[in-house]
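# sequence and predicted structure are below.
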Amino acid sequence: MGNQMLAVTMQSFEKDVLKSPVPVLVDFWAEWCGPCKMLDPIVNQLAGEYAGKLLVAALDADAHPDVVMNYGVMGLPTLILFKNGEPVARITGYQPKDRIVKQIQPHLN
């Protein structure tokens, strides 16, 4: 998890994600997940490039299985974009940056 990203937990999820004034891209990841590590630099770039318009958060799936189950996350990595407390976009598995941007961009205005 990179330095541009906010680490969220089950306890902080509501405050940091669901009640955020800006959209939040949550990266569901795990230490053992190879594709998660490949996705990490891309998610970090997004955090830097969209600072102010988008908050990027990371949730350790192994440490917070309740949140994973709540949102039906089946595979890792999974990115879920939350806007006004609702999941509005979901990207499962490793995706190149341009494909991720295409899916989140419409929700950032």
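That came through, no problem.
# contacts and neighbour counts: CA atoms only from here.
OK.
# which stretches in this structure count as strands?
Assigned by DSSP state E, the chain shows strands spanning 6-8, 24-29, 55-60, 78-83, 86-92.
# any chance of the ones you listed in JSON lines, plus distance to Gln105, mean pLDDT and mean neighbour count?
Shown next, in JSON lines, are the strands of the chain (distance: least, Cα to Cα, whole Å; pLDDT from 0 to 100; neighbours: other Cα atoms under 10 Å):
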{"stretch": "strand 6-8", "distance to Gln105": "20", "mean pLDDT": "94", "mean neighbour count": "19"}
{"stretch": "strand 24-29", "distance to Gln105": "11", "mean pLDDT": "97", "mean neighbour count": "26"}
{"stretch": "strand 55-60", "distance to Gln105": "13", "mean pLDDT": "96", "mean neighbour count": "23"}
{"stretch": "strand 78-83", "distance to Gln105": "10", "mean pLDDT": "98", "mean neighbour count": "24"}
{"stretch": "strand 86-92", "distance to Gln105": "10", "mean pLDDT": "97", "mean neighbour count": "16"}
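# who wins for proximity to Val68 among those?
For these, the distance to Val68 is smallest for strand 24-29, at 7.7 Å, taking Cα to Cα.
# could you give the angle of that closest one to strand 55-60?
20 degrees (axes from the mean of the first three to the mean of the last three Cα atoms, to 10 degrees).
# so what are the sheet partners of strand 24-29 and their directions?
Pairing partners of strand 24-29, with direction, according to DSSP bridges: strand 55-60 (parallel), strand 78-83 (antiparallel).
# give me the residues contacting the last one.
Pointing back at strand 78-83 there. Residues outside strand 78-83 that contact it (Cα atoms under 8 Å, 6 or more residues apart in numbering) are 17-18, 22-29, 87-93, 104, 107.
# stretch 29-36 too?
58-62, 76-78, 93-94.
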